[in-house]
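In: task: produce atomic coordinates for the following.
(2 chains)
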Amino acid sequence: MSKEPVAVVGVGQTKHVAARRDVSIAGLVREAARSALDDAELTWADIDAVVIGKAPDFFEGVMMPELYLADALGAVGKPMLRVHTAGSVGGSTALVAAQLVAARVHATVLTLAFEKQSESNAMWGLSLPIPFQQPLLAGAGGFFAPHVRAYMRRSGAPDTIGSLVAYKDRRNALKNPYAHLHEHDITLEKVQASPMLWDPIRYSETCPSSDGACAMVLTDRAGAARAPRPPAWMLGGAMRSEPTLFAGKDFVSPRAGQDCAADVYRQAGIADPRRDIDAAEIYVPFSWYEPMWLENLGFAAEGEGWKLTESGVTELDGDLPVNMSGGVLSTNPIGASGMIRFAEAALQVRGLAGEHQVDGARKVLGHAYGGGSQFFSMWLVGAQPPDA
Amino acid sequence: MPEVLKAPLTVEFPFTRSLGPVQSAFLTGLRERVVLGVRTGDGRILVPPVEYDPVTAEEIRDLVEVTPTGTVTTWAWNHAPRRGQPLDTPFAWALVRLDGADTALLHALDAPGPGDVHTGMRVRIRWAEQRTGAITDIACFEPYDGERAQPTGHLGQFEEPITGIVAPARLDYTYSPGRAQSAYIKALSDRRIVGERCPSCRKVYVPPRGACPTCGVATGEQVEVGPRGTVTTFCIVNIKAKNLDIEVPYVYAHIALDGADLALHGRIGGIPYDQVRMGLRVEPVWTEDSRYPDHYRPTGEPDADYETYKELL
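Out: Residues are numbered from 1 along each chain as shown, chains lettered A, B, ... in the order given. Purely as a prediction, here's the structure:
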């Protein structure tokens, strides 16, 4: 028996900001869930199960927050699952929810991811003073900056590429009312003049720290037929993992990312992603990861990704728009960031992305990664169901 | 069996919490010696209050005052109070249903011994002298034989409400790095860097983890590597980290020691930061007060060819 097609019929986000001091964590997730239900014109009673994700518990210091969030998410008397895969968790949470529908375990599932970074300290949570170990000498940006330098060496990319990505994503964010950073006076010169934190990464080429939540309602074919607005159909979805460190690990283009993309394309019948996919929401927390992931995801040959960025292909009006929403560079509630990529991909093929809508977007990729470039989750969504 | 290292690891952080409207009223009430519950759609009063109805999932905001007297619904004796608990002498953890409430609140009950506590016993709140808008404003419960107290009819509106709290969290571990890393650390005290070779893929891991992450088999064969190595990639750190006493800018590098099959991390010194490059040949510089090399400095050898280290970035 074939799998049940999975449709996204509701998408909700909070307005992402630096600090939501007016709400509890329950109040924050509630807003996103409520707006996803409103989009689908459904009530709590229409939901069969809830699948929730966030970054590690120690970021906010609440052990298993899903237990206390059951009331806020209408999960009482229903199955509720928590997913953990570091920064990629928003994506893998959506995929676990999708599998419940695809396997016909549940007809309609609410999936949600969040982070209240203002009440957490991610840097501290990730760098505990482990006895006998040498302290990490650089912090999160310092962890990734040497990989960016390795990419520059390998590809021969000019050192201006990172600032072009940041300038593009921050301008895209101005068209997205939910984005955290709205830098109305942004210029390329300002990006290039911002302080160099971890050379080659500048301040303006890093992501902010945000409070926010994102939710989606996923349903089966019958649920999609009742939906008040166009659904997005899942055409393929996959997750892959690899160790943080091993001999032969390629941090510039991890094998797990390549394999994950290949699996999604095989499911979706994508022969040439550059030709067959209309746009992509890719997890880019430091600007240079745009060209790196374009290669890892097969949109460009090895060493050629930066040429797509430089020539404007990834601009909102380009041939392959990337991070139309402003991306992680403009909004980063860590646990939710992956789901925002997935949800923004769905909004595009539904034609509901508002000012940052790409005309004629029929197939859009959502991508997330996490840990030391070791967890990957992706889905491809389309305007037409998989068997159409 | 060689010695395996152990050391205490304390993880401690003061988390902040935004309370939202319901918890804000509840904790501000405690500051004013008022206990508030919330009314659900089916008319029950929940204490402590929640923001969303457990039956209907609807938002609930109808605050109701209950009394500081109540009944123990169940309990467990705590023989040995720990750091941070409400009382420092043995006490009962008790669930107390306050008069007027339909659910019970967990708190400490001060009683001489377990023989003095029973389910169904009457208790009342002992208020803390200094109250700040926290659950600790209830110092504990105490046995009470008097009349049931009457609510004052408070509606949950307060001057200067508490909107956030600080919730310190602390975890105490005994940390052990295990056999392989213990051997690695012991060798460092002789200023030797010793990894382990995978019996299957023959790769040399430094620092060793005791198993090969690719082949999934235990590693045991010890292999001394270095001391010289090659800078495979790096970044220049321009912002000072809180916990590090290093002057910025400095270079944080991946260094592939000769004979190792993956790079480890270190600081580069003995050369201006803007002259560090991929392929630079370096050697460790040890100091008396540090287990690890303080930094690595140029050896003066010609730079390594990119082809020799491109798999070790």
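
In: I'd assumed residue A:197 was in a strand, is it?
Out: Yes: counting by DSSP: H, G, I helix; E, B strand; the rest coil, residue A:197 is part of a strand.

In: quick one: contacts for it?
Out: Neighbour list for residue A:197: A:141, A:203, A:206, B:237-239 [criterion: CB atoms under 8 Å, 6 or more residues apart in numbering or on different chains]. All C-beta atoms are positioned from the backbone trio N, CA, C, and that covers glycine.

In: now the buried members of those.
Out: Among the contacts of residue A:197, those scoring as buried are A:141, A:203, A:206, B:237-238 (criterion: 16 or more other CB atoms under 10 Å in any protein chain shown).

In: I'd say residue A:144 and residue A:286 touch.
Out: Yes: at 5.5 Å, residue A:144 counts as touching residue A:286 under the criterion of CB atoms under 8 Å.

In: mutual contacts of the two, please.
Out: residue A:201.

In: which one's more surrounded, those two?
Out: residue A:286 (25 against 22; other CB atoms under 10 Å in any protein chain shown).

In: kindly state the beta-bridge partners for the more buried one.
Out: residue A:206 (DSSP bridges).

In: pretty sure residue B:296 sits in a strand.
Out: Yes: the assignment for residue B:296 (three-state DSSP) places it in a strand.

In: for it, give me its contacts.
Out: Here residue B:296 is in contact with B:229, B:231, B:253, B:255, B:266-269, B:282-285 (criterion: CB under 8 Å, 6+ apart).

In: mind giving me the PyMOL command for buried ones among those?
Out: Here is the PyMOL command that selects the buried residues among the contacts of residue B:296 (16+ other CB under 10 Å):
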select buried, chain B and resi 229+231+253+255+266+267+268+269+282+283+284
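
In: quick one: which helix or strand includes the residue most central in space within chain A?
Out: By CA atoms, centre = their mean, chain A has its centre lying nearest to residue A:338, at 2.5 Å. In this structure, residue A:338 sits in helix A:334-350 according to DSSP states H and E.

In: how near is the closest residue to residue A:246 other than its chain neighbours to residue A:371?
Out: Of all residues not flanking residue A:246 in the chain, residue B:213 sits nearest, at 4.3 Å (CB to CB, 6 or more residues apart in numbering or on different chains). Separation of residue B:213 from residue A:371 (CB to CB, to the nearest Å): 13 Å.

In: for residue 144, phi and psi?
Out: I went with chain A, as the question did not name one. phi -90, psi -20 (degrees, to the nearest 10).

In: list the contacts of it.
Out: A:198, A:201, A:285-286, A:289.

In: all strands of the stretch 201-313 of chain B, in order?
Out: B:204-205, B:221-225, B:229-237, B:250-257, B:264-268, B:281-285, B:295-298 (DSSP state E, counting those that start in this stretch).

In: dump those to a markdown table, plus distance to residue B:67.
Out: Output for those, formatted as a markdown table (distance: least, CB to CB, whole Å):
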| stretch | distance to residue B:67 |
| --- | --- |
| strand B:204-205 | 65 |
| strand B:221-225 | 70 |
| strand B:229-237 | 59 |
| strand B:250-257 | 61 |
| strand B:264-268 | 61 |
| strand B:281-285 | 70 |
| strand B:295-298 | 66 |
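
In: CSV for the ones you listed, including mean pLDDT?
Out: CSV is the format used below for the strands of the stretch 201-313 of chain B (pLDDT from 0 to 100):
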stretch, mean pLDDT
strand B:204-205, 96
strand B:221-225, 96
strand B:229-237, 97
strand B:250-257, 96
strand B:264-268, 94
strand B:281-285, 98
strand B:295-298, 97
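
In: which one of these lies closest to residue B:68?
Out: Closest approach to residue B:68 among the strands of the stretch 201-313 of chain B (CB to CB): strand B:229-237, 55.9 Å.

In: each with direction, which strands does that closest one pair with?
Out: strand A:196-199 (antiparallel), strand B:250-257 (antiparallel), strand B:281-285 (antiparallel).

In: and that strand, how far out from the chain middle?
Out: Distance of strand B:229-237 from its chain centroid, counting by CA atoms, centre = their mean, to the nearest Å, is 31 Å.

In: what angle sits between that strand and strand B:264-268?
Out: 70 degrees (axes from the mean of the first three to the mean of the last three CA atoms, to 10 degrees).
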